[in-house]
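*Asks:* predicted model follows, preceded by the sequence.
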Amino acid sequence: MKIYINGKFYEKNEAKISVFDHGLLYGDGVFEGIRSYNRLVFKLKEHIDRLFESAHTLMLKIPLSKERLIKAVLSTLKANNLKDAYIRLVVTRGEGDLGLDPRKCNGNTTIIIIADKIALYPEKFYKQGLALISVPTIRNLPEALNPQIKSLNYLNNILAKIEALNCGYDEAIMLDSLGYVAECTGDNIFIVKDKHLYTPPQCMGTLRGITRDTVLEIARKGRISVHEHVLTRHELYISDECFLTGTAAEIVPVVKVDGRIIGSGKPGKFTLGLMKKFKDCTKKEGVRY
Ligand code: PXG
């Protein structure tokens, strides 16, 4: 495996960064998880744009232009000769001292690109559906650490994941401070009710997921009524269908929430249709390498 660090490729066991890197010491950095399908990188521009937006708010200067960063992603994929890959793009504040002052990092940002395979959930969940549990840890308040910033600090999500796993569930539903549904630990959430599609609005402490946007686009094109609307747990329980979206997970059906069976208890027709349309998109769209 070839890993890109600051313009050079390293083998996996040689790919190392400093213990003084503020990405490690403070989670001071940003990242993206991107996928390629049959040598086409899906929504690459959208991922790069979101990376730059996250960095902008953190006042983290990415030393490459968007065009050069895209080239770096494509050359990492070529170097690894992977047809289908998961690309982790990480930009940290770089090496500093043991204080959190970002000025001590001298603008020496570290850029890391790893391309590998990924399966977020076992294959059986795509056929049988996933069971979710809502957990006590609420999603970060936008006024504190905005979930729109895809930063290297994922402890909020990891705590929620631990709570779900402790209860014997594979995925958690995270609520916001008012008790409305925000998202899962690494996925956005949707429900279907009476042929309408609903997902929480991005201002409710959810990441504006690129897969979420793709699903909304597919639904709108198919003349399905879509609503970015606050959702309570009750609305999840009484939904006809429920599913999660994310680059790593793609679209995964949900059949149980907090012990309540959703719809027929099997992946719904609507969800299965969207999964197929999403797959078609990933076959056609993307930047070739
Ligand atoms: N919510 C959160 C909190 C996420 O981290 C999504 C939603 C879905 O967004 P996209 O743009 O991917 O549709 C994410 C996505 C990883 C990894 O380990 C990254 C995510 C999710 C799961 C794993 O690279 N981010």
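*Replies:* Nice, I can see it.

*Asks:* now do the helices in this structure.
*Replies:* 22-26, 44-57, 66-80, 124-128, 155-166, 210-221, 233-237, 269-284 (DSSP state H).

*Asks:* I'd like those helices laid out as TSV, including mean pLDDT.
*Replies:* Listed next are the helices of the chain as TSV, based on pLDDT from 0 to 100:
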stretch	mean pLDDT
helix 22-26	98
helix 44-57	98
helix 66-80	97
helix 124-128	94
helix 155-166	98
helix 210-221	98
helix 233-237	98
helix 269-284	97
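
*Asks:* give me whichever of these is most buried.
*Replies:* With neighbours defined as mean count of other CB atoms under 10 Å, the helices of the chain peak in mean count at helix 22-26, which reaches a mean of 20. From N, CA and C alone the C-beta is placed, and that goes for glycine too.

*Asks:* ok so, going back, between the helices of the chain, which gets nearest to the ligand?
*Replies:* helix 210-221 (3.2 Å; CB to the nearest ligand atom).

*Asks:* is the ligand contacted by the closest one?
*Replies:* Yes: Helix 210-221 lies within reach of the ligand by CB under 6 Å from any ligand atom, at 210-212.

*Asks:* using TSV, lay out the helices of the chain together with distance to Gly96.
*Replies:* Formatted as TSV, the helices of the chain follow (distance: least, CB to CB, whole Å):
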stretch	distance to Gly96
helix 22-26	5
helix 44-57	16
helix 66-80	22
helix 124-128	41
helix 155-166	20
helix 210-221	31
helix 233-237	42
helix 269-284	39
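
*Asks:* I would like the residues contacting stretch 1-13, please.
*Replies:* With CB atoms under 8 Å, 6 or more residues apart in numbering as the test, stretch 1-13 has contacts from 15-17, 72, 75-76, 79-80, 110-116.

*Asks:* and those residues, which is closest to Val90?
*Replies:* Ranked by distance to Val90 (CB to CB), these are led by Ile112 at 4.4 Å.

*Asks:* ok, that closest one touching Ile17?
*Replies:* Yes: using CB atoms under 8 Å, Ile112 is in contact with Ile17, at 7.1 Å.

*Asks:* okay, and the common contacts of the two?
*Replies:* Counting by CB under 8 Å, 6+ apart, the residues touching both Ile112 and Ile17 are 5, 92.

*Asks:* so for the two, which sits in the more crowded spot?
*Replies:* Using other CB atoms under 10 Å, the more surrounded residue of Ile112 and Ile17 is Ile112, with 21 against 16.

*Asks:* got the contact list for that one?
*Replies:* 3-5, 15, 17, 88-92.

*Asks:* keep only those that also lie close to the ligand.
*Replies:* Among those, the residues lying close to the ligand (CB under 6 Å from any ligand atom) are Arg88.

*Asks:* pLDDT added to the contacts of Ile112, as a markdown table?
*Replies:* Shown next, in a markdown table, are these (pLDDT from 0 to 100):
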| residue | pLDDT |
| --- | --- |
| Ile3 | 97 |
| Tyr4 | 98 |
| Ile5 | 98 |
| Ala15 | 97 |
| Ile17 | 97 |
| Arg88 | 97 |
| Leu89 | 98 |
| Val90 | 98 |
| Val91 | 98 |
| Thr92 | 98 |
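
*Asks:* any of the contacts of Ile112 buried? List them.
*Replies:* Neighbour-count burial within those applies to 3-5, 15, 17, 88-92; the criterion is 16 or more other CB atoms under 10 Å.

*Asks:* give me every residue in the stretch 1-150 of the chain lying close to the ligand.
*Replies:* Residues of the stretch 1-150 of the chain found near the ligand (CB under 6 Å from any ligand atom) are 33, 88.

*Asks:* ok, which stretches of the stretch 1-150 of the chain are strands?
*Replies:* Using DSSP state E, counting those that start in this stretch, the strands of the stretch 1-150 of the chain run over 2-5, 8-11, 29-37, 40-41, 85-92, 110-116, 130-134.

*Asks:* possible to save those strands as TSV with distance to Asp280?
*Replies:* Shown next, in TSV, are those (distance: least, CB to CB, whole Å):
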stretch	distance to Asp280
strand 2-5	31
strand 8-11	34
strand 29-37	11
strand 40-41	12
strand 85-92	20
strand 110-116	24
strand 130-134	23
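
*Asks:* closest one to Met204 among these?
*Replies:* Distance to Met204, taken as CB to CB, is lowest for strand 130-134 among the strands of the stretch 1-150 of the chain, at 14.5 Å.

*Asks:* tell me the mean pLDDT over the closest one?
*Replies:* Mean pLDDT, strand 130-134: 98.

*Asks:* thank you kindly, that will do.
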